[in-house]
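Chemist: just a sequence and a predicted model for now, questions to come.
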Amino acid sequence: MKAKNLLIGLLLGLVATSAWGQDIHKKNKYWVFFTDKNDTQHLSPSDFLSPKALERRSRQGIAIDQKDYPVSTAYVNGIAEVGASPLHASKWFNATSAEMDAETAAEVAALPFVRKVQPIKMARLDYEPVTPTRIGYEPGHTERQLQMLGLDVMHQNGYNGTGVTIAVMDNGFVDADQNLFLEHLFVDNRVVATYDFVNNEEDVYNQGSHGTWVLSIIAGWYENVYDSLNFYGSAHGASFILCHTEDDGSETTREEDNWIAAAEFSDSAGADILSTSLGYLGMTDIPNGYTLNDMDGNTTIITRGADIAASRGLIVVNSAGNSGSLGAGSVTAPADGDSVIAVGAVTETGSLAGFSSQGPTADGRLKPDIVAMGFLTGFVSTGSGLTRGNGTSFSCPLISGLIACVLQAQPNTGNMEMYRALIESGDRFDNPTNQFGYGIPNGPTMMTRLGYTGSFGFPQDGTLDENGGFIFPNPVILSDLNVVYDNEWQGFDGTLDIYNMQGRRVFTQSVRVDPFYNVFRIESPGTRLLPGSYVVRLQRTDQRRPVMSKKLLIFN
C-alpha cells in the first residue's frame with residue numbers, strides 16, 4: 001500500500017378546535033395543497049431536471065408527468081399576500097409548507113387555487129446521536145463491515161461506486177470539507193451539490209456531526225504504508241449530494257417537509273440513490289402527533305414522499321429505526337414505505353442488535369427489508385479520528401454503498417430490479433423475519449442475480465509490486481484482463497496501453513486513475529491479439545515515464 005497523506009378539505013368549522021391550536025394567533029406549520037400547477041406549457045423537462053435525472057428516467061422507461069413540473073410561483077406568492085410565510089414548495093405533492101396562525105390558515109384555505117390546508121403533524125426523531133467510543137486506530141478498521149456484504153471483493157474488482165450519485169440527508173456535515181478521510185471527494189469535485197434546508201443556505205459544513213459520521217461510512221477513504229490501518233467507505237468512488245434536513249435545535253421535529261424538499265432537489269440534480277439515516281416515530285404522547293398505527297406506508301407525508309421518489313426511479317434506502325425495545329411494529333417513517341429499502345442492524349457476528357426496530361408495519365408488511373452491521377460499526381469522527389458506534393444510522397450507509405457498487409457494474413438496472421437482487425442475495429431470503437428481513441445481502445451474489453457472468457478475483461497479500469500494480473489473470477485466455485493500480489492520494493488522467501515484443505502499441509485506452517484502489521478492465525484481449533508475450537503499461541498523460549509496467553502472456 002502507498003501513503004495517502006438528511007384542509008381546507010378540513011371543514012372551516014373545525015378551525016377553532018384543538019387540531020388547529022387554542023391560540024388562533026400562534027404560528028404553526030401547515031401544508032398548503034394547490035388545485036393545479038397553473039401554466040406549465042412554456043416549460044420543457046430540461047428546465048427543471050438535470051441531464052442525469054432525464055437519463056435515469058429514460059433508462060428506466062419513466063415518463064415525465066405533472067409531479068415533475070414545479071409548483072406555481074404565482075400560487076405561492078398568493079398565499080404570502082394574505083399573511084402566510086411559505087417555506088419549502090413540493091412539486092411532488094403540488095404543495096408548499098408554510099408558517100401561519102389559524103386565522104390566516106382559514107383565509108388561505110378560502111383562496112380559489114388552494115385545494116386544502118393541513119397541519120403538519122409532529123413526530124419524534126428516532127436516531128440516537130451516539131457519542132462514539134474512541135478506541136484509536138485499529139488494524140482493518142472497516143474490514144468486518146465490508147466483508148459481511150462482500151464489499152471487499154467488490155472493491156478489489158474495481159466496483160467502488162464510481163459514476164453513481166448518492167444523496168445523503170442528515171443533520172448537517174460539520175467539517176466534512178476539512179476531514180482527512182473525505183479529502184478525496186473535494187480533490188476530485190465529487191460533491192456535486194449541497195443545500196441546507198433548515199437554514200436555507202448552500203453551506204452544509206457548519207453544523208451536525210451525525211451526517212459527517214454517516215457520510216464517512218459511505219465515502220471515507222484512507223490508506224497507510226504497508227499497514228492495515230486502512231479505512232474504506234462502502235462506495236468511496238461515488239459522487240454525492242449533501243442535504244441538511246434535520247434541525248437538531250428543535251425540541252420536536254417537523255422536518256418532513258425539509259426531507260421532501262431535499263428529495264426533490266436531489267432527484268432534479270440527478271441522484272441515483274437517496275440514503276437517509278433518520279427516522280420519525282409516531283408517539284401517542286405528542287399532541288396532534290403520529291401514532292404507531294400511522295406507520296402503515298401511506299399515512300406520514302415523508303413516507304408518501306419516499307414512495308414518490310421511488311416512482312421517479314430513485315433507489316430509496318433508510319434506517320429502520322432504533323426502537324427495537326418497543327418490539328414488533330417499531331419501524332419508523334419513512335422506512336415503512338413499500339418502495340423504501342428499510343435497513344436493520346446486526347452485530348459483526350450476524351446477531352440482531354437489540355436496538356434495531358422490528359416489523360411488521362401497521363398494515364402487516366414485512367420490515368425491515370435487509371440488515372447490515374450496525375453495532376460497533378467503524379466510522380470517522382469530525383476530528384478525522386477512527387472510532388465505532390451503534391445504530392441503524394450506521395447500517396443504512398453500508399447498504400447504500402453496496403447498491404452503488406452494484407449499480408456501477410450494472411448501470412441499466414432499474415430500482416425495483418435492484419431491490420429484488422438485494423433481497424434475493426440475503427442469507428435469509430428463504431425464511432425472512434420481521435427482525436432480520438431477508439437477512440444480510442451479498443454484492444457478488446447480487447451481481448450474479450443481475451446477469452453478471454464473470455468471476456471475482458483479486459490480488460492476494462503481497463502480489464502488488466512496489467509501485468502498487470498487478471494484472472490478473474496472467475496468462476489470459478478468453479477472459480477479461482484486470483489491471484490493478486493502487487494510487488496515491490491525488491488522481492490523474494492516463495492511458496492504458498499494450499505493446500508487443502517489437503515495441504509496437506497494439507492497444508490503448510484513456511483512463512481516469514482515482515486516488516485509491518483502481519481496477520481497469522480490458523475485454524477479452526485473447527480474442528483480439530495473437531498469442532504471445534506483451535507488456536501492459538499505465539502512463540500519466542503529463543509524464544513520459546509509465547507508472548506501472550507488467551509482462552502479459554496471452555493464450556487463445
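Modeler: Here it is on my side, so go on. Residues are numbered from 1 along each chain as shown.

Chemist: so residue 538 bridges to which residues?
Modeler: When bridges are taken as DSSP bridges, the partners of residue 538 come out as residue 496, residue 548.

Chemist: helices of this protein, residue ranges please.
Modeler: Along the chain, the segments classed as helices by DSSP state H run 51-60, 73-81, 102-109, 143-147, 151-156, 183-187, 209-219, 256-269, 301-311, 392-409, 415-424, 443-449.

Chemist: got JSON lines for the ones you listed, with mean pLDDT too?
Modeler: As requested, these are arranged in JSON lines below (pLDDT from 0 to 100):
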{"stretch": "helix 51-60", "mean pLDDT": "89"}
{"stretch": "helix 73-81", "mean pLDDT": "93"}
{"stretch": "helix 102-109", "mean pLDDT": "91"}
{"stretch": "helix 143-147", "mean pLDDT": "93"}
{"stretch": "helix 151-156", "mean pLDDT": "88"}
{"stretch": "helix 183-187", "mean pLDDT": "91"}
{"stretch": "helix 209-219", "mean pLDDT": "95"}
{"stretch": "helix 256-269", "mean pLDDT": "94"}
{"stretch": "helix 301-311", "mean pLDDT": "95"}
{"stretch": "helix 392-409", "mean pLDDT": "97"}
{"stretch": "helix 415-424", "mean pLDDT": "97"}
{"stretch": "helix 443-449", "mean pLDDT": "95"}
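
Chemist: tell me which of these sits most buried.
Modeler: helix 392-409 (a mean of 30; mean count of other C-beta atoms under 10 Å). All C-beta spots, glycine's among them, are computed from the backbone N, C-alpha and C.

Chemist: circling back: among the helices of the chain, which is nearest residue 203?
Modeler: If you check each of the helices of the chain against residue 203 by C-beta to C-beta, helix 209-219 wins as the nearest, at 12.9 Å.

Chemist: now that closest one, how far from the centre of its chain.
Modeler: Using C-alpha atoms, centre = their mean, to the nearest Å, the mean C-alpha position of helix 209-219 is found 11 Å from that of the whole chain.

Chemist: my guess is residue 450 contacts residue 410, does it?
Modeler: Yes: using C-beta atoms under 8 Å, residue 450 makes contact with residue 410 at a distance of 4.8 Å.

Chemist: of the helices of the chain, which approaches residue 365 most closely?
Modeler: Between residue 365 and the helices of the chain, the tightest spacing by C-beta to C-beta is seen for helix 301-311, at 12.1 Å.

Chemist: give me the helices and strands touching that closest one, please.
Modeler: Applying 3 or more C-beta pairs under 8 Å, 6 or more residues apart in numbering; DSSP states H and E, we find helix 301-311 packed against helix 256-269, strand 315-319.

Chemist: and of those, who's closest to residue 280?
Modeler: For residue 280, the closest of the helices and strands packed on helix 301-311 is helix 256-269, at 6.9 Å, according to C-beta to C-beta.

Chemist: so where is the protein shaky, pLDDT-wise?
Modeler: Applying pLDDT under 70 to the chain picks out residues 1-25, 127-139, 224-229, 249-254, 283-287, 457-464, 466, 489, 515-516, 556.

Chemist: partner residues bridging the spatially most central residue of it?
Modeler: With the centre of the chain defined as its mean C-alpha position, the nearest residue by C-alpha atoms, centre = their mean is residue 275, 3.2 Å away. According to DSSP bridges, residue 168, residue 317 are recorded as the beta-bridge partners of residue 275.

Chemist: just checking, it touches residue 167?
Modeler: Yes: with contact taken as C-beta under 8 Å, residue 275 and residue 167 are classed as touching, separated by 6.9 Å.

Chemist: rewinding a little: closest to residue 40 out of the helices of the chain?
Modeler: Smallest distance to residue 40 across the helices of the chain (C-beta to C-beta): 11.4 Å, for helix 73-81.

Chemist: contacts for that closest one, please.
Modeler: Contacts with helix 73-81, where a contact means C-beta atoms under 8 Å, 6 or more residues apart in numbering, come from 32, 34, 38, 86, 89, 96, 98, 108, 111, 113, 114.

Chemist: residues near the closest residue to residue 528 other than its chain neighbours, how many?
Modeler: Nearest-residue entry for residue 528: residue 507, 7.7 Å, with adjacent residues in sequence omitted and distances by C-beta to C-beta, 6 or more residues apart in numbering. Other residues within reach of residue 507 by the criterion other C-beta atoms under 10 Å amount to 16.

Chemist: quick one: residue 507 from residue 194, how far?
Modeler: Counting by C-beta to C-beta, to the nearest Å, the separation of residue 507 from residue 194 is 41 Å.

Chemist: same deal with residue 279?
Modeler: For residue 279, the distance to residue 194 under the criterion C-beta to C-beta works out to 23 Å.

Chemist: higher neighbour count, these two?
Modeler: More crowded of residue 279 and residue 194, by other C-beta under 10 Å: residue 279, with 29 against 19.

Chemist: quick check: phi and psi on the more buried one?
Modeler: Phi and psi for residue 279, reported as degrees, to the nearest 10, are phi -160, psi 150.

Chemist: please give me every residue in contact with it.
Modeler: Under the criterion of C-beta under 8 Å, 6+ apart, the contact list for residue 279 reads 125-127, 318-322, 332-335, 357, 392.

Chemist: do residue 553 as well
Modeler: 474, 475, 476, 532, 533, 534.

Chemist: those residues into a markdown table, with extra columns for distance to residue 174 and neighbour count?
Modeler: Converted to a markdown table, these look like this (distance: C-beta to C-beta, whole Å; neighbours: other C-beta atoms under 10 Å):
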| residue | distance to residue 174 | neighbour count |
| --- | --- | --- |
| 474 | 47 | 14 |
| 475 | 52 | 11 |
| 476 | 48 | 22 |
| 532 | 57 | 12 |
| 533 | 55 | 11 |
| 534 | 51 | 22 |
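
Chemist: turn those into CSV, including distance to residue 351.
Modeler: CSV is the format used below for these (distance: C-beta to C-beta, whole Å):
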residue, distance to residue 351
474, 41
475, 45
476, 43
532, 54
533, 52
534, 50
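
Chemist: mind checking the helices and strands packed on helix 301-311 for the one nearest to residue 308?
Modeler: Ranking the helices and strands packed on helix 301-311 by distance to residue 308, with C-beta to C-beta as the measure, places helix 256-269 first at 8.1 Å.

Chemist: check which residues of stretch 542-556 are buried.
Modeler: Of the residues in stretch 542-556, those buried by neighbour count under the rule 16 or more other C-beta atoms under 10 Å are 546, 547, 548, 549, 550, 552, 554.
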